[in-house]
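[1] starting from these lines, generate the structure:
(one chain, ligands or ions: 1)
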Amino acid sequence: MCGIVGYIGYNEAYPILIEGLKKLEYRGYDSAGIALFEKEKIDIIKTVGRLEKLEEIADGNSPSCQVGIGHTRWATHGRPSDENSHPHRGCNGDFAVVHNGIIENYQKLKDWLIKEGHVFSSETDTEVLPHLIEHFYQGELLTAVREAISRVEGSYAMAVMCFREPDKIVCIRKDSPLVIGIGKDEKYIASDIPALLAYTRDTYILDDGEIALVERNGVKVFNGNGEAINKEIFKVDWDQEAAEKGGFDHFMLKEIYEQPSAIKETLEGRIDLDKDEVKLKEISLTREEVQGLSKIIIVACGTAYHAGLVGKFALEKTTRVPVEVELASEYRYRNPIIEPGKNLVIVISQSGETADTLAALRISKNLGASILAVTNVIGSSVAREADSVFYTKAGPEIAVASTKAYITQLIAMYLIGLYLGQLRETMAPGEVKEILDGLRCVPNQVESILASVEEVEELARKISTRENMFFIGRGLDYAVAQEGSLKLKEISYIHAEAYAAGELKHGTLALVTEGVPVVAVVTQRHVYDKTLSNIKEVSARDAYVIALALKGDEEINKVADEVLYVPQNLDFLMPLLTVVPLQLLAYYAALIRDCDVDKPRNLAKSVTVE
Ligand code: F6R
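    Next up is the predicted model:
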């Protein structure tokens, strides 16, 4: 939530800041702003609205200078408005601050600062930061930021400029990501790696509590105790093209089409082809520890949670250990029951920065669980705090609606399940090979679904005028139905709900009336007849039934109004295929409804607030 950038060097700062912000717009896009040094003052240009609006105002009006900071906002405290946009400054205008996170004790600090004579001009929590820094400033920005931050409770990634020290930017992080890009005689600051890729691959990824003094010729990093530390350079191996649209109209569509290669990348190197075994060197649990597991808990939010729902099936089948799937925002405020040394907690997070998921990780770790993180972002907070990390290799995911990250999270669930199952010896002879053979077919099968999108587009047109829809399924089909429903509502704004097909008649059926679209996912052969009966129930109420079925299923034509076929694979692996048409359905419905596909209203990619 919110993206911050900074630049210090010998080139014009303005275009570099704007380009960086464009790469971070997925983190928030309700207002934007920049701060640049002028001869007499720090010049701040900011506005409510998208980045293009900032460019309209600032192009040609921004001072020529080589140091600056910028921000793209996702409002938490204070509605989107010009005044609430970042950067913020204190009373004397000497300091400019951009901030991502939440200052939890801001009201107390604000009251105190007002008593000290400070005058506030916004409703934001962030504005206390420049005022605090101004209050503590005695000629050294680094010291003033340290002093200020010692009073602050909450989360922050922050970059600060000071008019009296024009050749420095100070930045600091706690619970919100921050990366420094290292160029020759120039340095870059950003919330996320894609904003740096046009300039450098050499980065410092700041850890919680670290503060950095960034100058043209060097970066000094200090830990929370004020001691200078030698940060290792982290070399990024993503290329810039991977973070660009590459000819597609939207990042979401590009990312949907990248799924076959993302799946291959995630499988790559994790299967021993000679022995037909999964090898996950990244999992630190010993055979004995795996055999001693009494419970696995999967914790995540949103789409990642839906990947966890599939994970429950995958892990229970392969390990025969009971698996619970928890929403991180609920789990963290309960008093979860963990048996130290006997429970594995798997946190799934594309960004690795989701505040609730991170909090759930910490709670579980404190209670003695072993933590396995499944994340897409190398060096992210969950990756650094977990005991083991399974990296999904989806590449940068920019669209707010997650697609390729989800599918690689599913691959992670299957591989982790197989690996733990091998160690526990809970799988039948030949079962691992059968599943691996199935997994190896998936990239081509996804390609084949992507090769014929016209049917999905046509269906999207038909549903695009509706305001309510249902998704139903049983077992793994229900897990995918939940993801299909979320995808549709988040980008097309059509209200959609997913139900376990057998549950409909316990209440929801009352909402199924003539013409209401019902997407029925029906690939699980052991409950095929049951789901068919449920389809008949909604058909009898004149619902408009779109079935997602296995190629070759003729029976389904008799009960559904429309059928989308997907290639056959093991029932167990079908979520990897059924989710693709559902992603496309959401995409085209959003497009037809003229919605902003990559940046849906009110949402942001990385939810670093609770
Ligand atoms: C929906 C979506 C979100 C995320 C959720 C968790 O398309 O992307 O529901 O899945 O915000 O984010 P991560 O995976 O970064 O923890």
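
[2] how about the residues of this structure near the ligand?
    Counting by Cβ under 6 Å from any ligand atom, the chain comes close to the ligand at 301-304, 349-351, 354, 357, 401-402, 490, 606-607. C-betas here are computed from N, CA, C, even on glycine.

[3] in strands, which of the residues you listed fall?
    Ser349 (DSSP state E).

[4] the residues of the chain next to the ligand in helices, which ones?
    Gly302, Thr303, Ala304, Thr357, Glu490 (DSSP state H).

[5] top of the residues you listed by number of neighbours, please.
    Thr357 (31 neighbours; other Cβ atoms under 10 Å).

[6] in contact with that residue, which residues?
    Val299, Ala300, Cys301, Ala304, Ala328, Val347, Ile348, Ser349, Val382 (Cβ atoms under 8 Å, 6 or more residues apart in numbering).

[7] just the closest of the ones in helices among the residues of the chain next to the ligand to the ligand, please.
    Nearest to the ligand among these is Gly302, at 1.9 Å by Cβ to the nearest ligand atom.

[8] picking up where we left off before, with pLDDT and distance to Ser62 added, can I get the ones in helices among the residues of the chain next to the ligand in CSV?
    Converted to CSV, those look like this (pLDDT from 0 to 100; distance: Cβ to Cβ, whole Å):
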residue, pLDDT, distance to Ser62
Gly302, 97, 37
Thr303, 98, 38
Ala304, 98, 39
Thr357, 97, 38
Glu490, 97, 35
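
[9] between these, which is nearest Arg474?
    Thr303 (20.7 Å; Cβ to Cβ).

[10] what's the spatially closest residue to the closest one that is not a sequence neighbour in contact with, if anything?
    Nearest residue to Thr303, sequence neighbours excluded (Cβ to Cβ, 6 or more residues apart in numbering): Ser402, at 4.2 Å. Ser402 makes contacts with Gly302, Thr303, Ala304, Gln350, as judged by Cβ under 8 Å, 6+ apart.

[11] next: Leu36.
    Ala13, Tyr14, Leu17, Ile42, Asp43, Ile45, Ser62, Pro63, Cys65, Val67, Gly68.

[12] and the residue nearest to Val67 when sequence neighbours are not counted, what is it in contact with?
    Of all residues not flanking Val67 in the chain, Ile8 sits nearest, at 4.8 Å (Cβ to Cβ, 6+ apart). With contact set as Cβ under 8 Å, 6+ apart, Ile8 has these partners: Gln66, Val67, Asp167, Lys168, Ile169, Glu186, Lys187, Val214, Glu215, Arg216.

[13] what's around Asp249, how many residues?
    So Asp249, with other Cβ under 10 Å, has 12 neighbours.

[14] could you look up the SS state of it?
    coil (DSSP: H, G, I helix; E, B strand; the rest coil).

[15] distance-wise, check it relative to Ala590.
    12 Å (Cβ to Cβ, to the nearest Å).

[16] with Glu215 instead?
    Counting by Cβ to Cβ, the gap from Glu215 to Ala590 is 45 Å.

[17] what about the strands in the stretch 251-400 of the chain?
    Secondary structure of the stretch 251-400 of the chain (DSSP state E, counting those that start in this stretch): strands at 271-272, 277-278, 295-300, 323-327, 343-349, 370-375, 388-391.

[18] each with direction, which strands does the fifth one pair with?
    Think strand 343-349. Applying DSSP bridges, strand 343-349 is found paired with strand 295-300 (parallel), strand 370-375 (parallel).

[19] quick one, which of these gets closest to Gly484.
    Closest among the strands paired with strand 343-349, using Cβ to Cβ: strand 295-300, at 17.4 Å.

[20] which of the residues in the closest one are buried?
    Of the residues in strand 295-300, Lys295, Ile296, Ile297, Ile298, Val299, Ala300 count as buried by neighbour count, 16 or more other Cβ atoms under 10 Å.

[21] cool, stretch 428-445 as well?
    Neighbour count says stretch 428-445 has Glu431, Val432, Ile435, Leu436, Gly438, Leu439, Cys441, Val442, Pro443, Gln445 buried, by 16+ other Cβ under 10 Å.

[22] so who does Val516 touch?
    Arg466, Asn468, Met469, Phe470, Ala543, Tyr544.

[23] actually Val299, not the one I wrote
    Applying Cβ under 8 Å, 6+ apart, the residues near Val299 are 308, 325-328, 331, 345-348, 357, 360-361, 364.

[24] if we go to 6 Å?
    By Cβ atoms under 6 Å, 6 or more residues apart in numbering, Val299 lies in contact with Glu326, Ala328, Tyr331, Val347, Ala360.

[25] that older thread, highest mean neighbour count out of the strands of the stretch 251-400 of the chain?
    Comparing these by mean neighbour count (mean count of other Cβ atoms under 10 Å), strand 343-349 ranks first with a mean of 29.

[26] what lies in contact with that strand?
    Contacts of strand 343-349 (Cβ under 6 Å, 6+ apart): 293, 295-300, 304, 307-308, 357, 361, 364, 369-375, 382, 409.

[27] element containing the residue nearest to Ile16 when sequence neighbours are not counted?
    Nearest residue to Ile16, sequence neighbours excluded (Cβ to Cβ, 6+ apart): Tyr7, at 4.6 Å. Element membership for Tyr7, per DSSP states H and E: strand 3-8.

[28] could you identify the helix or strand that succeeds that strand?
    With DSSP H and E, the next secondary element past strand 3-8 is helix 13-24.

[29] quick one: buried residues of that following helix?
    Ala13, Tyr14, Ile16, Leu17, Ile18, Gly20, Leu21, Lys22, Lys23, Leu24.

[30] again, but for stretch 227-241
    Neighbour counts over stretch 227-241 (16+ other Cβ under 10 Å) mark Lys231, Phe234, Val236 as buried.

[31] outside of it, which residues touch it?
    193, 197-198, 201-205, 221-223, 379, 396.

[32] can you name the residue of the stretch 151-300 of the chain nearest to the ligand?
    Ala300 (6.4 Å).

[33] do the same with the stretch 501-610 of the chain
    Val607 (4.7 Å).

[34] and the pLDDT at the residue lying closest to that residue once chain neighbours are set aside?
    Spatial nearest neighbour of Val607, chain neighbours left out: Thr354 (5.2 Å); criterion: Cβ to Cβ, 6+ apart. Model confidence at Thr354, given as pLDDT, is 93.
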